[in-house]
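> The amino acid sequence is not available; the structure is as follows:
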Ligand SMILES: COc1ccc(OC)c(-c2cc(C(C)=O)n3cccnc23)c1
């Protein structure tokens with residue numbers, strides 16, 4: 001029997017792709033979809049040493065760079081914390097990052113992930 005391309009993917013990659021899709025839904029304005037551009041965010045690359053965004057996370061999944069769920073969660077937190085560092089409290093981006101972080105971490109609790117079984121061990 002021939003597996004479809006998606007079924008050939010490693011179990012962890014397929015799980016991370018699904019988690020990523022669910023996190024991206026919490027960013028309807030797509031503020032986190034692509035790397036932040038210094039032209040729209042003056043001084044961004046001097047203030048933020050380790051930029052991160054959903055497209056970069058997707059590429060890392062495709063390149064099998066994530067060896068564990070925790071590495072994936074770390075990049076998600078990095079992305080949100082970057083936005084809360086660069087953008088002042090009260091700005092649309094700071095508020096969006098805070099909401100995204102909290103909503104995202106609720107989806108990534110052990111209780112929510114346990115049903116996915118031993119992929120994570
Ligand atoms: C207004 O439309 C967009 C579109 C894409 C963006 O980043 C990918 C952003 C954006 C995203 C951010 C973040 C996430 O800090 N940002 C900061 C300052 C100015 N612009 C942004 C805004």
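Alright, I've got the coordinates. This one's a predicted model, so the numbers in the text were calculated from it and none came from an experiment. Residues are numbered from 1 along each chain as shown.
> Smallest gap between the chain and the ligand, at which residue?
residue 41 (3.6 Å; C-beta to the nearest ligand atom). Heads up, the C-betas are built off the backbone N, CA and C, glycines and all.
> Longest helix in the protein, please.
Ranked by residue count, the top helix of the chain under DSSP state H comes out as helix 69-86.
> what does that helix rub up against?
By C-beta atoms under 8 Å, 6 or more residues apart in numbering, the surrounding residues in contact with helix 69-86 are 12, 15-16, 19-20, 23, 31-32, 36, 41, 44, 47-48, 50-54, 56-57, 60-61, 65-66, 93-94, 96-98, 100-101, 104-105, 108, 113, 120.
> PyMOL command for the buried members of the residues you listed?
Per 16 or more other C-beta atoms under 10 Å, the buried members of the contacts of helix 69-86 correspond to this PyMOL selection:
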select buried, resi 12+15+16+19+20+23+31+32+36+44+48+52+53+54+57+60+61+66+93+94+96+97+100+101+104+108
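> show me the contacts for residue 23.
54, 76, 100, 104, 107.
> Quick one, grab the pLDDT at the residue nearest in space to the middle of the chain.
By C-alpha atoms, centre = their mean, the mean C-alpha position of the chain lies nearest to residue 76, the distance being 3.7 Å. Confidence at residue 76, expressed as pLDDT, is 98.
> coming back round to it: pull out the buried residues from the longest helix of the chain.
69, 72-73, 75-76, 78-84, 86.
> what do you get for stretch 104-121?
Those buried within stretch 104-121 under the rule 16+ other C-beta under 10 Å are 104, 108.
> what's it in contact with?
Taking C-beta under 8 Å, 6+ apart as the rule, stretch 104-121 contacts 11-12, 15, 19, 22-23, 26, 68-69, 73, 76-77, 80.
> Tell me which of the contacts of helix 69-86 fall in helices.
Short answer: the contacts of helix 69-86 in helices (DSSP H) are 12, 15-16, 19-20, 23, 44, 47, 54, 56-57, 60-61, 93-94, 96-98, 100-101, 104-105, 113.
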